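Novice: just a sequence and a predicted model for now, questions to come.
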Amino acid sequence: MTTLTDPPQGSFRLSMLINDTRYRSLTFQAIALLLLIVSIAYLANNLFANLAAAGLNIAYDFLGTPAGYDINQTLVEYNSRSTHARAALVGILNTLLVAFLSCVMATVFGVLAGVLRLSNNWLVAKLMSFYVEIFRNIPVLIWIIIIFTIMTAVMPAPRAFRGDEPEASMLLGLVAFTNRGIYIPAPVWGPGSLVVVATFIVSIVGVIGYRRYATNLLYSTGKLLPTGWPSLAILFVPTILMFYIMGRPIGLDIPELGGFNFRGGIQVGAPLIALWFALSIYTGAFIAENVRAGIQAVSKGQTEAASALGLRPGRVMKLVVLPQALRVIIPPLISQYLNITKNSSLAIAVGYADITATLGGITLNQTGRAIECVLLLMLFYLTISLLISAVMNVYNNAVKLKER
Amino acid sequence: MKKNVILGALTVAGLSAGAAAAGTLDDVKARGTLNCGVNTGLVGFAAPDANGEWKGVDVAVCRAVAAAVLNDPTAVEFVPTTGKTRFTALASGEIDMLSRVTTWTFSRDVDLKFTFVGVNYYDGQGFMVPKALGVSSARELDGATVCVQTGTTTELNLADFFRTNNISYEPVPVETTAEGQQQYLAGSCDTYTTDASALAATRASFEAPGDHVILPEIISKEPLGPLVRHGDDEWADVVRWTLNALITAEELGVTSANLDEMAANSENPEVARLLGTEGTLGEMLGLDAAWAKRAIAAEGNYGEIFARHIGEETPIGLARGLNAQWTDGGLLYSPPFR
């Protein structure tokens, strides 16, 4: 009778690190890692030695000192006596604002152009491919400058609105388009306005509830309820009724020409508009291509099957094609959103006070703390990009193909 | 593997090189050209003319230094810098000296580690407005939109001025003079603020200079001068005394026209010391005896430079004002050459 035993296990020898395939790759990885750490340490050490030799040190004290400069668009309380840290916060909020607005608008442009580019209408399809090719093949910085220059050169200056027979007049007496930006009326919240806002929020919930009910009804009985005009009615009628019942509590602060500029209302500055529009229309062209790719990735049989079931083209797109296309569209869309956020740092070209202009521009320049400011900037953009990725990945997981 | 290590070591060595530099004076002599940081374009101070040659008061300082050190006023590599890039360019050693209407301030001198070697133009910040606006004082600018060059002392003075006068404004940051000019002329700002001399220079380049006025208020002190890196005193001395030589030459009546005659015949011992016919001042600087003579020969003495580029005869038309010699009631006062 024979017993099988394991082959004799030799004890670990040093030469096995090179000769044994089980350990060899680990050995080389360890060596590479060690070299990398040593070189980074050397470079960092070199940097600090050179900084010390030049009499400079890394310190963040300057963030607590008064900034001394003013910023033209501030979403939070800020004046020239506020600290550099506060100025950086103003810049961060401005960056986030323009990035958010551009992401939304670029998505709208992109989806529209992407879908329309596949249209059977020759003219529409060609127009859309013209848009895509023109906009994505010219650098975004040029678009920002073109749009800004057109705004400042073509739109009238505020002083053109002055006089008995002014050269320019306000749209409907409410909105003023000037070369410094667009002035729109601001809402004034009177007493009781809270009730109106609350009604509006309840209406939104109502619309969602109604649509859910309609879907359930469709699935259980096959009865199709109209959703378009009832949704609109639920959304607006109660709110408008409440507005009049409460005695019109929400007024409008209409911008008026006073002194050098319009006063009152909300000013949407020319730099913001130029940046917002340029980023949206440029990135929209890329998103259009993503959308087109996503739609074309859905097999033709799906469309044909849906049509065979008697669905109209709009429904085919909405119910069959787009949900499947989203799986292909979302991952590249994430990188387009990241691009928008990072490209918003081109704001400096038109004097928009984003984080690069405040912390990485004026603060850096006035304090001379270049390394500190740039490190903070890198940290900010890294954090915000990773956050956007994380959020979009959650959404991607929600729409991606469920494999069971 | 071995090759990679060597390449890596070379890269690292390359990155760390340039940390320990020899004296700037030796560098400049060895290189044969002077790297001088100037404005991207400000007529009268530093701007290329129709032939692409740099001209202006700041440029003249660079040329004088090049003439003194290298015996060739044209051996200058002009590096255009913006308000934002200038200090990094100087600190990193990309340029040997910065002559770019730069205000001498405490924090730039002490915290940013630069050495201001003197003042070549005493300036102050002013405002320019279109005549049609009907404004006669800067205090009437409540609510105005103001174009201001970003990264300058102007930006801080502006905030302080409006704050102390308790009036509001909206800043429009611009990068360069050209951009500011474009925005101002397009009417996207009501007023353009910068040093009064630069306002005059900018206005001179307008199609209709008469339609714009410079308001009487001067809201700050702006001593503009050339600067070098901290810690290289020999080089700082060379630039400082070249500038002083230009100023002293005007005080002593030495011009580019009578230079040789003065050097040969002057009875005044200070002229003799300045022009190197007596004493060893040049040697002390690490240059030869005729250094100041060459500096003056480059573009003339301070008065000649002023008159040629920004004086009353030029389109810019600035009066000497504070920039007259101390003997004429101005602030120009060079320490003696002895």
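Specialist: Ah, there it is.
Novice: once you drop chain neighbours, what's closest to the residue of the stretch 1-150 of chain A found nearest chain B?
Specialist: When distances are taken as Cβ to the nearest Cβ, the stretch 1-150 of chain A reaches nearest to chain B at residue A:80, 3.6 Å away. Where you see a C-beta, it was placed from the backbone N, CA and C, and this is true even at glycine. Spatial nearest neighbour of residue A:80, excluding adjacent residues (Cβ to Cβ, 6 or more residues apart in numbering or on different chains): residue B:159 at 3.6 Å.
Novice: relative to residue B:303, how far out is the one you found?
Specialist: If you measure residue B:159 against residue B:303 using Cβ to Cβ, to the nearest Å, the figure is 36 Å.
Novice: before we move on, back to that, wouldn't the residue nearest to residue A:80 be in contact with residue A:71 here?
Specialist: No. Counting by Cβ atoms under 8 Å, no contact exists between residue B:159 and residue A:71, whose distance comes to 9.9 Å.
Novice: and residue B:314, what are its phi and psi?
Specialist: Main-chain torsions, residue B:314, degrees, to the nearest 10: phi -90, psi 170.
Novice: using the three-state scheme, assign the nearest residue to it once chain neighbours are set aside.
Specialist: Spatial nearest neighbour of residue B:314, excluding adjacent residues (Cβ to Cβ, 6+ apart): residue B:44 at 6.8 Å. Three-state call for residue B:44 (DSSP: H, G, I helix; E, B strand; the rest coil): coil.
Novice: helices along the chain, start to end?
Specialist: This is for chain A. Ranges of helices within chain A are A:16-19, A:21-53, A:84-117, A:122-136, A:140-154, A:193-221, A:228-245, A:270-297, A:300-308, A:313-315, A:322-343, A:355-357, A:364-367, A:370-399, based on DSSP state H.
Novice: wrong one, I was asking about chain B
Specialist: B:2-16, B:24-31, B:57-70, B:86-91, B:106-110, B:153-164, B:177-185, B:196-204, B:233-252, B:259-265, B:269-275, B:281-285, B:291-299, B:302-309.
Novice: can you redo those as a markdown table with mean pLDDT and mean neighbour count?
Specialist: Formatted as a markdown table, those follow (pLDDT from 0 to 100; neighbours: other Cβ atoms under 10 Å in any protein chain shown):
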| stretch | mean pLDDT | mean neighbour count |
| --- | --- | --- |
| helix B:2-16 | 46 | 11 |
| helix B:24-31 | 93 | 16 |
| helix B:57-70 | 95 | 27 |
| helix B:86-91 | 88 | 21 |
| helix B:106-110 | 88 | 12 |
| helix B:153-164 | 89 | 20 |
| helix B:177-185 | 87 | 20 |
| helix B:196-204 | 87 | 23 |
| helix B:233-252 | 94 | 23 |
| helix B:259-265 | 89 | 15 |
| helix B:269-275 | 91 | 21 |
| helix B:281-285 | 91 | 16 |
| helix B:291-299 | 93 | 25 |
| helix B:302-309 | 94 | 22 |
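Novice: to residue B:315, which of these lies closest?
Specialist: Closest of those to residue B:315 is helix B:196-204, at 4.1 Å (criterion: Cβ to Cβ).
Novice: show me what the closest one is packed up against.
Specialist: strand B:121-123, strand B:125-130, helix B:177-185, strand B:191-195, strand B:212-214 (3 or more Cβ pairs under 8 Å, 6 or more residues apart in numbering or on different chains; DSSP states H and E).
Novice: can I get these in TSV including distance to chain A?
Specialist: Output for the helices and strands packed on helix B:196-204, formatted as TSV (distance: least, Cβ to the nearest Cβ, whole Å):
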stretch	distance to chain A
strand B:121-123	19
strand B:125-130	9
helix B:177-185	7
strand B:191-195	9
strand B:212-214	15
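Novice: what comes into contact with stretch A:223-234?
Specialist: Residues from elsewhere that reach stretch A:223-234 (Cβ atoms under 8 Å, 6 or more residues apart in numbering or on different chains): A:203, A:206-207, A:210-211, A:213-214, A:217-218.
Novice: hmm, try it at 10 Å
Specialist: Residues from elsewhere that reach stretch A:223-234 (Cβ atoms under 10 Å, 6 or more residues apart in numbering or on different chains): A:202-211, A:213-215, A:217-218.
Novice: for the stretch 151-300 of chain B, what lies in contact range of chain A?
Specialist: Taking Cβ under 10 Å from any Cβ of the partner chain as the contact definition, the stretch 151-300 of chain B meets chain A at B:151-153, B:155-160, B:162-163, B:168-175, B:179, B:182-183, B:185-191, B:229-231.
Novice: for the closest residue to chain B within the stretch 301-404 of chain A, which non-adjacent residue is spatially closest?
Specialist: Distances between the stretch 301-404 of chain A and chain B by Cβ to the nearest Cβ are smallest at residue A:365, namely 3.6 Å. Using Cβ to Cβ, 6+ apart and skipping residues adjacent in sequence, the residue nearest residue A:365 is residue B:151, 3.6 Å away.
Novice: for residue A:352, give me its contacts.
Specialist: Taking Cβ under 10 Å, 6+ apart as the criterion, residue A:352 is in contact with A:72-73, A:91, A:94-95, A:97-98, A:144, A:148, A:269-276, A:344, A:346, B:173.
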